[in-house]
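Enquirer: My questions concern the predicted model and sequence given below.
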Amino acid sequence: QAPTLWISLPGLVLLTLLFLAGLTLRAQADSIPIPAALAPRLSTASTAQAMADAFLNIPYVDDATVDEHGRFTLFEHPETTLPSPGLNCSGFTLSVSRFLLQKNIPLDAAKADTGGDSGPGSPNGQDWDFGFDLIRNITRDLPRRAILPGGETPDLDAATGQSLRGFPIADTTAWGRIMPRLRPGHVYLASISKPVKTKGYTLLHYHVGLIVPGRDGTFAFYHATPKSGSHRVSLSAPGGVKQLQAQFRDKSPNEKYILLIEAPLAVP
């Protein structure tokens, strides 16, 4: 005698759907490995700013990053595992962006010489536009755009680190035009560049960070520096822009520029 069917067909279909949904959710949650040291804060972060905050106060370490496997390592020596958490500005920006964009970006893809103009033997110097390439690589295949004071919309795929530098950090008027355009639901990847006289180089995209607007109208610039480690500057607070400008003072007028690339968040 055949056993009695203990569940109706609609019920069986519902259970199957719930099971598959559970698999999907687990696959999504596991798609970006969480470094063990950050798990207590990242696992409970429910907003974009909270995710970025989870990376604050990590010590600055030259060339340090998190790879696609959740290990603290080095860009140039990914076979290395760091004994304790550390990040440089590029590693911080990449690591935070993975969670904000829900893209487990491999190190090789993140540091790719997108324009083919900064590899070994480049006439502009090797990796002269590393920051420019990094923020383009992070936002690749997303609906993105440069945010410029004049409202221009340059082709980010065709642009170079020479032709597209953004606007002077010291230009307070430009910031006044930019800030009203920073929208919740988006992240703004930043590359800071300056002219240099180092042998073989004339320009460097030497620093990166990101601006994360909150749903409450606040927004902060997140980055990592040798003196302060990973930290944030509240641009929406009184004097916030001046504080950021003070961190990047010019030696000559309008020397340092900042480029912002907007991309949609994949988290609240």
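Expert: That came through fine. Residues are numbered from 1 along each chain as shown.
Enquirer: Would you mind checking which helix or strand in the chain has the lowest mean pLDDT?
Expert: The helix or strand of the chain with the poorest confidence is helix 9-29; it has a mean of 38 (mean pLDDT, DSSP states H and E).
Enquirer: next SSE after that helix?
Expert: Once the chain leaves helix 9-29, the next helix or strand it forms, by DSSP states H and E, is helix 39-42.
Enquirer: quick check: mean pLDDT across that next one?
Expert: For helix 39-42, mean pLDDT is 95.
Enquirer: so what does that helix touch, helix or strand wise?
Expert: With contacts taken as 3 or more C-beta pairs under 8 Å, 6 or more residues apart in numbering; DSSP states H and E, helix 39-42 sits against helix 48-53. Using the backbone N, CA and C atoms, a C-beta is placed for each residue, glycine as well.
Enquirer: Give the rounded mean pLDDT of the helix it packs on.
Expert: pLDDT averaged over helix 48-53 gives 97.
Enquirer: Convert it to CSV, retaining C-alpha atoms only.
Expert: Extracted in CSV, the C-alpha atoms of helix 48-53 (Å, rounded to 0.1, in the frame of the first residue of the first chain):
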residue,chain,number,x,y,z
ALA,A,48,25.4,52.0,3.5
GLN,A,49,26.8,54.3,6.0
ALA,A,50,26.9,51.6,8.7
MET,A,51,28.8,49.3,6.3
ALA,A,52,31.3,52.1,5.6
ASP,A,53,31.5,52.8,9.3
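Enquirer: if we look at it, which residues are touching it?
Expert: 41-42, 44-45, 96, 99-100, 187, 210, 212, 214, 218, 220, 222, 232, 265, 267-268 (C-beta atoms under 8 Å, 6 or more residues apart in numbering).
Enquirer: Sort out which of these are in strands and list them.
Expert: Among those, the members found in strands (DSSP state E) are 187, 210, 212, 220, 222, 232.
Enquirer: Does the second one touch residue 190 like I think?
Expert: Right, residue 210. Yes - here residue 210 reaches residue 190: they are 6.1 Å apart, a contact under C-beta atoms under 8 Å.
Enquirer: Could you pull out the residues contacting both of the two?
Expert: 221, 223.
Enquirer: what's residue 78 in contact with, if anything?
Expert: By C-beta under 8 Å, 6+ apart, the contact set of residue 78 is 67, 107.
Enquirer: hmm, I was thinking of residue 69
Expert: Here residue 69 is in contact with residue 33 (C-beta under 8 Å, 6+ apart).
Enquirer: Regarding it, what is its secondary structure?
Expert: coil (DSSP: H, G, I helix; E, B strand; the rest coil).
Enquirer: Do you know the pLDDT at it?
Expert: So, for residue 69, pLDDT stands at 97.
Enquirer: how near is it to residue 106?
Expert: Going from residue 69 to residue 106 by C-beta to C-beta, to the nearest Å gives 9 Å.
Enquirer: same check, this time on residue 170
Expert: Separation of residue 170 from residue 106 (C-beta to C-beta): 36 Å.
Enquirer: which one of these two has more residues nearby?
Expert: Taking other C-beta atoms under 10 Å, residue 170 and residue 106 do not tie; residue 170 has more neighbours (17 against 13).
Enquirer: Am I right that residue 207 is in a helix?
Expert: No - judged by three-state DSSP, residue 207 forms no part of a helix; its state is strand.
Enquirer: From residue 138, how far out is it?
Expert: Distance, residue 207 to residue 138, by C-beta to C-beta: 15 Å.
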